[in-house]
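# Below are the sequence and a predicted model; questions follow.
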Protein chains: 2
Amino acid sequence: MLGKTKRDRQAERREATQAEIIDAAWDMTREVGLAQITLRGVADRVGMRAPSLYTHFDSKNAIYDAMFGQAWTECLAHFESVKAQAPAGAREALRFAAHTFFDFAVKDLARHQLMNLRTIPGFSPSEENYAPAVATLDLARELFFSNGITDPEDLDLYTALIGGLVDAQHANDPGGDRWARLLDRAVDMYADHLDLP
Amino acid sequence: MLGKTKRDRQAERREATQAEIIDAAWDMTREVGLAQITLRGVADRVGMRAPSLYTHFDSKNAIYDAMFGQAWTECLAHFESVKAQAPAGAREALRFAAHTFFDFAVKDLARHQLMNLRTIPGFSPSEENYAPAVATLDLARELFFSNGITDPEDLDLYTALIGGLVDAQHANDPGGDRWARLLDRAVDMYADHLDLP
DNA sequence: GCTGTACTTCTAACTATGTTAGGAAAAACT
DNA sequence: AGTTTTTCCTAACATAGTTAGAAGTACAGC
């Protein structure tokens, strides 16, 4: 029997090519840095010439946009994959979430740069590729809710706190742990502030 | 009577020209954004052609470097000018410092971007122009010391906390106050954590 | 006052990069 | 088989930072 819906080989190949292009873009990013990738370099890695990339992406920023979406989709998937392992107590849950995010951010600096820092001049994510970032935050919101933390400002304070530690670590001691080791203390401070058990 | 040391008109003019150039660079920054300034644009504003700037600065990044130094020098001066107004209690002093820094950062986003965010690809400040940033942090360290907070980790946590709020405000709600209004709460949380009166 | 030296600015040009125009080749459809 | 659509190419443009080398300017010493 044939597949129910006839496969669209053309669309499949197109998607595969696009995936190949962003993979190549990540490759080059890890070699030369996020801002230093060039269309000619990316094209080389997939055996094309630069202008051909325009068949698949409207601009260089559109490539960044796709990378942004992919990174946050990964992040969302990661959070969902460890969601079940979240411990029971509110305090422990917040600590777990903090570590999950922090480790993910520190694991790949270029990725973190694209996801969380406004580092590419002129680039801002499209609505479409911003969606998984929103979804990830929703997941955090959910976790907070299920632990009785419902005030949006509480979550804002938490994200600023954890984000501040990540950024400080990234900017002032990359590869080290000067701020990483403050993470548990920070979460405890926050949990105490909310009178969590 | 003549001045004791003969004036070096050449050096004077040179410095004046350099100052004019960074002023023009700030001008253009405020019009088009920090990353979008061009040597030709800056040169135009001082009645020159782009290559002439190389008589005064080694590269575009050297101009950013000078701007960086100037911005932190301003910041240091600002901190020193309000230092005397710092209130007596430790908690109040921390709150005062937080507001001073936060307001300074939010007042000029481009400046904050250059001072605190790694936003210009390939640029990192020279030792020389990083000095006023270090001096500013020393001032904070001093304030902490004089309020009995001596553990370096305590200061690290504080800077990450305040920096996190600034960055969150800047990235997610520029011009608004979604994180700005959490500032006092954050400082109180921190002060409670350190058992400050 | 003239002249040589050092400094400043200029024009012309190079290189790298994102991007567009328009045509050839490949694939898909009828 | 012929037509259309899609993909990729070459050629070229515009903008940017930067370099080379000539022309102009300021000033010290004779």
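Arrived safely, thanks for sending. Numbering: from 1, shown residues only, chains lettered A, B, ... in the order given.
# contacts, neighbours, all on C-alpha from now
Noted.
# Kindly check the end-to-end length of stretch A:138-153 for me.
One end of stretch A:138-153 to the other measures 14 Å (CA to CA, to the nearest Å).
# gap between it and the chain center?
What separates the centre of stretch A:138-153 from the centre of its chain is 20 Å, taken as CA atoms, centre = their mean, to the nearest Å.
# Show me which residues of that stretch are buried.
Across stretch A:138-153, burial judged by 16 or more other CA atoms under 10 Å in any protein chain shown covers A:139-141, A:143-144, A:147, A:149.
# Which one of these is nearest to residue A:176?
residue A:140 (26.5 Å; CA to CA).
# how far away is that closest one from residue B:86?
Distance from residue A:140 to residue B:86, counting by CA to CA: 38 Å.
# before we move on, the earlier item: filter the buried residues of stretch A:138-153 down to the ones near DNA strand C?
Filtering the buried residues of stretch A:138-153 for proximity to DNA strand C by CA under 7 Å from any atom of the strand leaves nothing.
# Setting aside sequence neighbours, what's the nearest residue to residue A:34?
For residue A:34, ignoring the flanking residues on the chain, the nearest one in space by CA to CA, 6 or more residues apart in numbering or on different chains is residue A:110 at 6.0 Å.
# Can you report how many residues neighbour that neighbour?
17 (other CA atoms under 10 Å in any protein chain shown).
# contacts for the helix or strand it falls within?
According to DSSP states H and E, residue A:110 maps onto helix A:109-116. Defining contact as CA atoms under 8 Å, 6 or more residues apart in numbering or on different chains, one finds that helix A:109-116 is touched by A:29-30, A:33-34, A:68, A:71-72, A:105-106, A:119-120, A:170.
# could you redo the last one with a cut-off of 6 Å?
A:68, A:105 (CA atoms under 6 Å, 6 or more residues apart in numbering or on different chains).
# got a pLDDT number for residue A:197?
Here, the pLDDT recorded for residue A:197 equals 87.
# actually residue A:7, not the one I typed
On pLDDT, residue A:7 comes in at 67.
# and residue A:191, how many neighbours does it have?
19.
# just to revisit the earlier point, from the chain's centroid, how far away is the helix holding residue A:110?
7 Å.
# ok, now stretch A:48-67?
The answer for stretch A:48-67 is 20 Å, by CA atoms, centre = their mean.
# list the buried ones in it?
Buried, per 16+ other CA under 10 Å, within stretch A:48-67: A:53, A:57, A:61-67.
# For DNA strand D, tell me which of those show up nearby.
residue A:53.
# which residues touch residue A:68?
Residue A:68 touches residue A:115, counting by CA under 6 Å, 6+ apart.
# quick one, what contacts the residue sitting nearest the centre point of chain A?
Nearest to the geometric centre of chain A sits residue A:72, at 3.5 Å (CA atoms, centre = their mean). Residue A:72 is in contact with A:132-133, counting by CA under 6 Å, 6+ apart.
# so residue A:164 makes contact with residue B:164?
Yes - using CA atoms under 6 Å, residue A:164 is in contact with residue B:164, at 3.5 Å.
# Distance of residue A:73 relative to residue A:179?
Separation of residue A:73 from residue A:179 (CA to CA): 26 Å.
# Quickly note the distance from the closest residue to DNA strand D within chain A to chain B.
The minimum distance from chain A to DNA strand D, using CA to the nearest atom of the strand, falls at residue A:48 (3.4 Å). For residue A:48, the distance to chain B equals 26 Å [CA to the nearest CA, to the nearest Å].
# do the same with residue A:137
The gap separating residue A:137 from chain B is 13 Å, by CA to the nearest CA.
# Report the secondary structure element holding that residue.
helix A:127-146.
# For whichever helix or strand comes after that helix, which residues meet the burial criterion?
Where DSSP H and E defines the elements, the next helix or strand beyond helix A:127-146 is helix A:152-172. Buried residues in helix A:152-172, defined by neighbour count with 16+ other CA under 10 Å: A:155-170.
# Could you tell me which residues of chain A lie near DNA strand C?
By the rule CA under 7 Å from any atom of the strand, the part of chain A lying against DNA strand C is A:8-10, A:36-40, A:50-51, A:54, A:58-61.
# Among those residues, name the ones in helices.
Here DSSP state H is the test, and the residues of chain A next to DNA strand C give A:9-10, A:39-40, A:60-61 as lying in helices.
# elements contacting the one helix or strand residue A:99 maps to?
Here residue A:99, judged by DSSP H and E, is contained in helix A:90-107. On a contact count with 3 or more CA pairs under 6 Å, 6 or more residues apart in numbering or on different chains; DSSP states H and E, helix A:90-107 meets no helix or strand.
# chain center to that helix, what's the gap?
With CA atoms, centre = their mean, you get 14 Å for helix A:90-107.
# Give me the pLDDT value at the residue of chain A found nearest chain B.
Closest residue of chain A to chain B, CA to the nearest CA: residue A:164 (3.5 Å). Per-residue pLDDT puts residue A:164 at 96.
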